[in-house]
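A.B. asks: build me a structure from this.
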Amino acid sequence: MKPVCVLGNGQLGRMLRQAGEPLGIAVYPVGIDAEPESLPIRESVITAEIERWPETPLTQALASHPAFVNRDIFPRLADRLTQKQLLDQLGLATAPWQLLSDAAQWPDVFKRLGDLAIVKRRTGGYDGRGQWRLRESDCQTLPEECYGECIVEQGIDFSGEVSLVGARGHDGTLVFYPLTHNLHHNGILLCSVALPEPDAAQQRQAEAMLTAIMQELDYVGVMAMECFITPEGLLINELAPRVHNSGHWTQNGASISQFALHLRAITGLPLPEPVVFAPSVMVNLIGCALDTQWLSHPLVHLHWYDKEVRPGRKLGHLNLTDSHTLRLQQELRALACRLPAEYAAAIDWACEKL
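C.D. replies: Sure, this is the predicted structure:
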């Protein structure tokens, strides 16, 4: 089995490495400053856990690597301008948007997009960073350097957020997980709920949209698509050309995790539809220290990233899966007592979704 080098050595690379072990695939998550000579690059399949990277000796060595899967797709989707242009080209529903080039545009922006404008940096910016929610009286607060480097979207009145995680193989095979319901706090994913039988109409629409995107790009591997739920249907918010936080529940709630599915896709292994056998809940652990007493709950699977504890930082996650909904709800409520106070509302939300 060919080894896999992952550009980026954060938690996603770590979990790809863990998923490779049962498959007999040696996975090497590497930082962008690694020395190319120290890695088995020549004989490896190359993937990435990050969408953007600076020029270093390693990234220069990878730039012409024939087995760097999706190499030319990453920069296209990492820039929100070219990502939105792709969605428009395919006729897929998104929030109305435009490039924000100059402060003189603001009167026309609010006339066209309405009272609430969502400004996002074209590149970078995630987990609530690099984004602004502005009304007409606030637009002068936007930093001057943002002009030309941001897009602006219409603020959408949505009833919920869902994501679809799917994968495409080299031969065009497409497989999908059920839609995942997501709850964010301060722009960071706090909790996800996945059900074996999602809303059928939403699942069909989401699969059709993600299929169109992956086919157009000739994409190989796992991709995630975040959407808003509106009365008119799903609106695509953003795309992630990699394994995704909202798919972490698949580690314990599906027959094949998103990490194993990605490795299968990029190395040409069989790509069957994952079986989802029970409701699952994923709770992100943000800025809180490790508590081994989480493990006193029988349904809890702890995934700890072994990172320095800092406010607002994703440090790990908890997965809970059970076909007995009442028992899953009871476990979640018992777990809430061992989490920071801001998790109480998220646990209530998850119990309602179940």
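A.B. asks: and stretch 32-46, what's its mean pLDDT?
C.D. replies: The average pLDDT within stretch 32-46 is 84.
A.B. asks: do stretch 15-29 as well
C.D. replies: The average of the pLDDT scores along stretch 15-29 is 96.
A.B. asks: repeat for stretch 55-72
C.D. replies: Average pLDDT, stretch 55-72: 86.
A.B. asks: by contact count, what packs against the longest helix seen in the chain?
C.D. replies: Longest among the helix segments of the chain by residue count, using DSSP state H, is helix 200-217. Applying 3 or more CB pairs under 8 Å, 6 or more residues apart in numbering; DSSP states H and E, one finds that helix 200-217 contacts helix 80-89, strand 160-168, strand 174-176, strand 221-230, strand 233-240. C-beta: built from backbone N, CA, C; applies to glycine.
A.B. asks: between those, which gets nearest to Ala206?
C.D. replies: Among the helices and strands packed on helix 200-217, strand 160-168 comes nearest to Ala206, with 4.2 Å by CB to CB.
A.B. asks: other SSEs contacting that closest one?
C.D. replies: Right, strand 160-168 is packed against strand 174-176, strand 180-185, helix 200-217, strand 221-230, helix 258-267 by 3+ CB pairs under 8 Å, 6+ apart.
A.B. asks: can I get these in JSON lines with distance to Trp349, mean neighbour count and mean pLDDT?
C.D. replies: JSON lines is the format used below for these (distance: least, CB to CB, whole Å; neighbours: other CB atoms under 10 Å; pLDDT from 0 to 100):
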{"stretch": "strand 174-176", "distance to Trp349": "24", "mean neighbour count": "17", "mean pLDDT": "98"}
{"stretch": "strand 180-185", "distance to Trp349": "5", "mean neighbour count": "20", "mean pLDDT": "96"}
{"stretch": "helix 200-217", "distance to Trp349": "18", "mean neighbour count": "17", "mean pLDDT": "98"}
{"stretch": "strand 221-230", "distance to Trp349": "14", "mean neighbour count": "23", "mean pLDDT": "98"}
{"stretch": "helix 258-267", "distance to Trp349": "22", "mean neighbour count": "25", "mean pLDDT": "98"}
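A.B. asks: wait, which of these is closest to Lys307?
C.D. replies: For the helices and strands packed on strand 160-168, the distance to Lys307 is smallest for helix 258-267, at 18.0 Å, taking CB to CB.
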